[in-house]
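Participant: Make a model of this:
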Amino acid sequence: MAKAVRFYEIGSPDVLRYEDVEVGEPGPGEVRLRHVAVGLNFADTYFRNGTYPIPLPNGLGVEASGVVVALGEGVANVEVGDRVTYTGFLDTLGAYSTERLVPAAPLIKLPEDISFETAAAMTMRGLTSAYLMRRIHNFREGDSILLHAAAGGVGLIVSQWAKLLGLTVIGTVSTEAKAEIARAHGCDHVINYSHEQVAGRVQQLTDGSGVDVVFDSVGRDTFMSSLDSLKRRGLMVCVGTASGNVEPFDPQILAMKGSLYVTRPALADYIADPSEKADLAGELFAHVASGRINIEINQRYALEDAVQAHRDLESRKTTGSSIFVI
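Facilitator: Below is the predicted model of the structure:
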């Protein structure tokens with residue numbers, strides 16, 4: 001029988017249950033998918049703790065890779081036996097499972113030179129990195145970025161991609177061990193925020209001008225220092241809320257700090273169009289297959305260890321990407 005991680009109330013990692021589930025046959029537009037690897041993302045904790053409200057009981061996880069084992073009526077984009085990966089939001093919720101039904105539309109066929117584990121570790125993070133590097137801002141060689149959580153899954157991909165574009169990368173981390181990882185993946189400068197003041201250090205590193213773009217996945221705790229790290233008319237990209245939601249603020253602050261721009265993008269809006277998703281995925285896969293971008297899988301868990309995986313994630317013990325191996 002198939003297994004899945006489900007939860008019946010919001011709360012700490014302890015609410016997660018590993019249990020038997022009936023999968024059934026795919027309906028119109030669906031496939032039955034046998035998972036090989038499942039992605040573990042910080043966004044998963046937002047569903048579990050109620051930041052992203054969903055009906056309960058429910059499954060967890062929005063990213064996985066595997067093999068198509070059955071097709072529902074009308075499915076034409078994949079065939080039985082295809083190696084696929086996927087990511088999404090509510091449409092793909094329930095990835096923490098050995099086998100499941102999933103809409104066919106989000107599925108992306110995997111090139112033979114991309115493994116299941118690599119795919120599960122990078123589909124959400126990689127596509128996020130792809131739109132950040134290729135859609136959010138018209139980067140030019142020599143531009144500079146401040147990258148929070150530089151040793152995390154998205155951070156390691158973004159820093160490598162940024163170097164391919166000729167950017168100067170300033171990363172932030174919480175430990176010296178993470179600083180070493182960030183440097184090894186392309187960060188030109190690393191700020192340890194546990195004992196360095198981020199905005200002040202950024203101003204020193206940029207001779208007082210600030211950076212062109214900030215990618216801030218932390219949220220509430222770093223928002224103002226991120227604004228203070230930008231150059232005049234710079235762009236603040238809020239890509240996560242690991243420390244909590246950004247507090248309401250007066251937009252006049254943006255004018256006072258240099259006519260700044262702020263955006264809060266979501267991956268779903270950059271992969272909603274199939275042709276754009278194919279373009280971003282194709283560029284990502286090409287970089288990974290060629291070795292230009294290396295995907296670091298630094299934590300592997302069994303699906304039944306989801307409680308511990310979430311504890312590790314929220315205590316910031318993880319670096320790079322984390323996956324469940326089926």
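
Participant: For Arg17, name its beta-bridge partners.
Facilitator: Here Arg17 sits in beta bridges with Arg6, as judged by DSSP bridges.

Participant: Kindly state the pLDDT recorded for it?
Facilitator: On pLDDT, Arg17 comes in at 98.

Participant: Might one say that it is in contact with Arg6?
Facilitator: Yes. Using C-beta atoms under 8 Å, Arg17 and Arg6 qualify as a contacting pair, with a distance of 5.5 Å. In short, each C-beta sits where N, CA and C put it, glycine included.

Participant: So the two - more neighbours on which side?
Facilitator: More crowded of Arg17 and Arg6, by other C-beta atoms under 10 Å: Arg6, with 19 against 13.

Participant: Now do the more buried one against Tyr96, distance only.
Facilitator: 8 Å (C-beta to C-beta, to the nearest Å).

Participant: Touching both of those two, which residues are there?
Facilitator: Gly59, Leu60 (C-beta atoms under 8 Å, 6 or more residues apart in numbering).

Participant: Contact partners for Thr123?
Facilitator: Neighbouring residues of Thr123 by C-beta under 8 Å, 6+ apart: Gly39, Glu63, Ser65, Thr85, Tyr86, Thr87, Ile108.

Participant: So it: helix, strand or coil?
Facilitator: Secondary structure, DSSP: H, G, I helix; E, B strand; the rest coil: Thr123 is helix.

Participant: Need the pLDDT of it.
Facilitator: We have a pLDDT of 97 for Thr123.

Participant: likewise the one 10 residues further on?
Facilitator: What the model reports for Met133 is a pLDDT of 98.

Participant: How many residues are close by it?
Facilitator: So Met133, with other C-beta under 10 Å, has 23 neighbours.

Participant: That one contacts Leu165, doesn't it?
Facilitator: Yes. With contacts counted by C-beta under 8 Å, Met133 reaches Leu165, the gap being 6.6 Å.

Participant: Now for those two: what residues contact both?
Facilitator: Residues touching both Met133 and Leu165 by C-beta under 8 Å, 6+ apart: Phe139.

Participant: Spatially central residue in the protein, please.
Facilitator: By C-alpha atoms, centre = their mean, the chain has its centre lying nearest to Arg125, at 3.4 Å.

Participant: Make sure that residue is actually in contact with Gly155.
Facilitator: No. In this structure, Arg125 is not within contact of Gly155 by C-beta under 8 Å, at 9.1 Å.

Participant: who touches both of those two?
Facilitator: If you check Arg125 and Gly155 against C-beta under 8 Å, 6+ apart, no residue is contacted by both.

Participant: Just the pLDDT for the spatially closest residue to Arg125 that is not a sequence neighbour.
Facilitator: Nearest non-adjacent residue to Arg125, counting by C-beta to C-beta, 6 or more residues apart in numbering: Gly153, 4.3 Å away. On pLDDT, Gly153 comes in at 89.

Participant: what residues go with each domain of this protein?
Facilitator: Per automatic domain parsing, the structural domains of the chain span 2-125+272-325, 137-263.

Participant: Quick check: end-to-end length of stretch 160-177?
Facilitator: Counting by C-alpha to C-alpha, to the nearest Å, you get 18 Å between the two ends of stretch 160-177.

Participant: buried stuff in that stretch?
Facilitator: For stretch 160-177, the neighbour count (16 or more other C-beta atoms under 10 Å) marks Gln160, Trp161, Ala162, Lys163, Leu167, Thr168, Val169, Ile170, Gly171, Thr172, Val173 as buried.

Participant: what pairs with the longest strand along the chain, and is each one parallel or antiparallel?
Facilitator: Ordering each strand of the chain by length in residues (DSSP state E) puts strand 30-40 first. If you go by DSSP bridges, strand 30-40 pairs up with strand 63-71 (antiparallel), strand 99-103 (antiparallel), strand 321-325 (antiparallel).
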